[in-house]
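[1] starting from these lines, generate the structure:
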Amino acid sequence: MVPRESRLARALVELADTLVDDFDVVELLTRLTDRCVEVLDVGAAGLMLVGTDGHLRVMASSSEAMRVLELFELQADEGPCLDCFATGQAVVNDDLTLDGPWPRFAPHALAAGFRSALALPMRLRGTVIGALNLFHTSAGGMAEDDVAAAQALADVATIAILQHRAATEAQVLSEQLNHALNSRIVIEQAKGMVAERRTVDMEDAFAMLRGHARNQNLRLADVAGAVIDGTLPASALGNAPDGSGTGGA
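    This is a model prediction of the structure:
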């Protein structure tokens, strides 16, 4: 087993390596949630950012089940990520089976297989721009070292959104977030089209889109847009990593 410290260092280096001009925000944040699962041994991770309208939006999830749960969190208007964003403080629930502040959200999280939750703020010079959600399949809190590591990963994501410009003006940040949110909408539409045409689930459809973007050195949002406008047939995408996705287009 690779020590956790080594996995964390490798994850931070990998994320830092993506901080170049015109980087793909959605791909970077998706990679962040994946690395949270790998490094912190959590059941799932997700990330929400605030849009220009002041409302949170799901930006990245480590699994389709996590994405659906976070969408329900927004729909129910309650949950760890929303409380974290509202207060700017970490939100912890060590056992979702106990009576708590989320009577609608907690049962859905439990049904998805999660027993505890942690949400960490993403801050820009005192302004909270989003939150990182971490869910565990067992009850109990995270160790302090793991919480610190998770906050470090969230901080890297915040830096990434700013594209290495510590003095970025609020308008530029707003435009970047708005572009990222619009890209997310296009990607979700493309996922649905690929899932239908290749007869795969949404998670495999997303993996196929990401794989094509990486193999062709393209932005994920551009690949999704090409699928939607028909210039890239779903049949031209490779299979999902597990070998599924062999259905016809």
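[2] how far away from the center of its chain is the biggest helix by length in the chain?
    As assigned by DSSP state H, the longest helix anywhere in the chain is helix 170-198. In this view, helix 170-198 has its centroid 12 Å away from the chain centroid, taken as CA atoms, centre = their mean, to the nearest Å.
[3] and Gly192, how far is that from Leu56?
    In this view, Gly192 and Leu56 are 22 Å apart by CB to CB, to the nearest Å. For glycine as for every other residue, the C-beta is placed from the backbone atoms N, C-alpha and C.
[4] can you give me the neighbour number for Ala195?
    20 (other CB atoms under 10 Å).
[5] now Val194
    29.
[6] my guess is it contacts Val227, does it?
    Yes - the criterion here is CB atoms under 8 Å, and Val194 meets it with Val227 at 6.4 Å.
[7] what do the two both touch?
    Leu209, Ala234, Leu237 (CB atoms under 8 Å, 6 or more residues apart in numbering).
[8] out of the residues you listed, who's the most crowded?
    Neighbour counts for the shared contacts of Val194 and Val227 peak at Leu237, which has 26 neighbours (criterion: other CB under 10 Å).
[9] got the phi and psi for it?
    phi -80, psi 150 (degrees, to the nearest 10).
[10] now do it against Gln151, distance only.
    36 Å.
[11] assign a three-state SS to the residue most central in space within the chain, would you?
    Centroid check for the chain by CA atoms, centre = their mean gives Ala60 as the closest residue, at 2.0 Å. Put simply, Ala60 is strand when judged by DSSP: H, G, I helix; E, B strand; the rest coil.
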